[in-house]
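Asks: Could you look at this predicted model? Sequence included:
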Amino acid sequence: MPDASLPFILILAILPVSTIRAAGPPRVETASPWSLETVDIDASLPKLGKQGRLRAIRRLLPLGKPEYQVLEIAGDQTVKRQVIARYLSAEVEGAAIPASSVAMTPANYKFRYEGSIKTYLKTDLKTDRGVVRAFLITPRKKREGLIKGEIWLDGETGAVVRQSGYLVKTPSIFVKRVDVTRETALRDGVAEERVTHLSVDTRLVGRAELTIYERPYSASDQGPSLGFEER
């Protein structure tokens, strides 16, 4: 997998989505729901039959820069170093990207209201979402970091509970397509858990897949710290 392509793509694809600010076209904030959280990552290269996983504690430092304390890492070395480790590095580098250039705002996107949906999704989060409001999102320009797809807003709070789509422009000739789906479970209007699926279709090794589970940190998640070189 090319050194420069996957990390940069992941930076663009993983920018967090939080809540809508006001009525009218959605103006979505790019902020993590939690300053301290537990992260579980399952990653694979299906064409090569290789898999890996990681558990870590993620802290947000000043200016939104993430810091990871690795608790457990296992699986194939290629996946650990070329997919998981690059994802973590990409998040750190992504904190330096101006949020305004990729923010889900009317300046960057066109929004088309699709209507209200009463839905009982059978997803990884197993959440009864009740009524959601669906919007199609289309970038105003074909620029790196922008996604074409759909967002669902919780009917009561306006929080984004689902975002799905694909990057309209990939920054590398070695990558054909990047798809992302993110779902957020709410309890009493507060984010309880978030699951992100990333699929990166490369020209050299086929598809790279990541599923990232995030939830607020609890003391029971604490364990011995590990480095990538320890496994």
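Replies: Now that the structure is in, tell me what you want to look at.

Asks: how about residue 134, what does it touch?
Replies: Listed by C-beta atoms under 8 Å, 6 or more residues apart in numbering, the contact partners of residue 134 are 113-117, 150-153. All C-beta atoms are positioned from the backbone trio N, CA, C, and that covers glycine.

Asks: most neighbours, which of the residues you listed?
Replies: residue 151 (26 neighbours; other C-beta atoms under 10 Å).

Asks: Next one: that one relative to residue 134, how far apart?
Replies: Residue 151 sits 8 Å away from residue 134 when distances are taken as C-beta to C-beta, to the nearest Å.

Asks: if we can go back for a sec, among the contacts of residue 134, which are in strands?
Replies: With strands taken from DSSP state E, the overlap with the contacts of residue 134 comprises 113-117, 150-153.

Asks: now, which of the residues you listed sits nearest residue 65?
Replies: Nearest to residue 65 out of the ones in strands among the contacts of residue 134 is residue 151 (C-beta to C-beta; 25.8 Å).

Asks: pretty sure the closest one is in contact with residue 163, am I right?
Replies: Yes: in this structure residue 151 lies within contact range of residue 163 using C-beta atoms under 8 Å: 4.9 Å.

Asks: Now residue 84: phi and psi?
Replies: phi -70, psi -50 (degrees, to the nearest 10).

Asks: Tell me, how many residues neighbour it?
Replies: 23.

Asks: For it, list the residues it contacts.
Replies: Applying C-beta under 8 Å, 6+ apart to residue 84 gives the contacts 41, 43, 52-54, 73, 210.

Asks: do that again at 7 Å, thanks
Replies: Residues near residue 84 by C-beta atoms under 7 Å, 6 or more residues apart in numbering: 41, 43, 52, 54.

Asks: Residue 132 now?
Replies: 117, 119, 152-155, 161.

Asks: okay if I get the residues you listed as a markdown table plus pLDDT?
Replies: Converted to a markdown table, those look like this (pLDDT from 0 to 100):
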| residue | pLDDT |
| --- | --- |
| 117 | 82 |
| 119 | 68 |
| 152 | 90 |
| 153 | 89 |
| 154 | 85 |
| 155 | 82 |
| 161 | 87 |
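
Asks: For these, could you give me TSV that also reports distance to residue 186?
Replies: Listed next are the contacts of residue 132 as TSV, based on distance: C-beta to C-beta, whole Å:
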residue	distance to residue 186
117	16
119	13
152	12
153	11
154	6
155	11
161	7
